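K.L.:
attaching a predicted model along with its sequence, questions to come.
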Amino acid sequence: MPDSKSSSFHPALAVSNIRNFIPVVLETENVQYGTWAELFKIHARSHRVIHHIIKPEAGKGPKAPSTDDEKELWSTLNATVLQWIYSIISNDLLTTILEPDSTAMAAWDRLHDIFQDN
């Protein structure tokens, strides 16, 4: 039976370079938001972290973390997804959406708002 440390390895943690999976860099001048967002969502689904950017419907999706280990894993995955977002957007967008102690979902929503307002 695997111990809790080995069973907590998550497939999202194996991604070392998001640009290998999503070659589109989101920029304000060259608006490819729809393409970029769809590729990102596919990647997030395939790595089981879609709930870090899109709130699941009530009763669906993973349950809220309750143990310290689950909370630590959630925090690590959130930071991983946030790094993915920050790695594939332009510097201008990065400085626009970057906020201390942000979550991946908040950054995702800020980008959505920027491009849906245009």
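P.N.:
Everything's here; your move.

K.L.:
alpha carbons only for contacts and neighbour counts from here, please
P.N.:
Noted.

K.L.:
and what about residue 109, helix, strand or coil?
P.N.:
Of the three states, residue 109 takes helix under DSSP: H, G, I helix; E, B strand; the rest coil.

K.L.:
check residue 66 too.
P.N.:
Under three-state DSSP, residue 66 comes out as coil.

K.L.:
ok, residue 29 next?
P.N.:
State at residue 29, reduced to three classes by three-state DSSP: coil.

K.L.:
and the gap between the most centrally placed residue in the chain and residue 68?
P.N.:
Computing the C-alpha centroid of the chain and ranking residues by C-alpha atoms, centre = their mean puts residue 81 first, at 3.1 Å. Residue 81 is 20 Å from residue 68, where distance means C-alpha to C-alpha, to the nearest Å.

K.L.:
ok, now residue 46?
P.N.:
Taken as C-alpha to C-alpha, the span from residue 46 to residue 68 is 25 Å.
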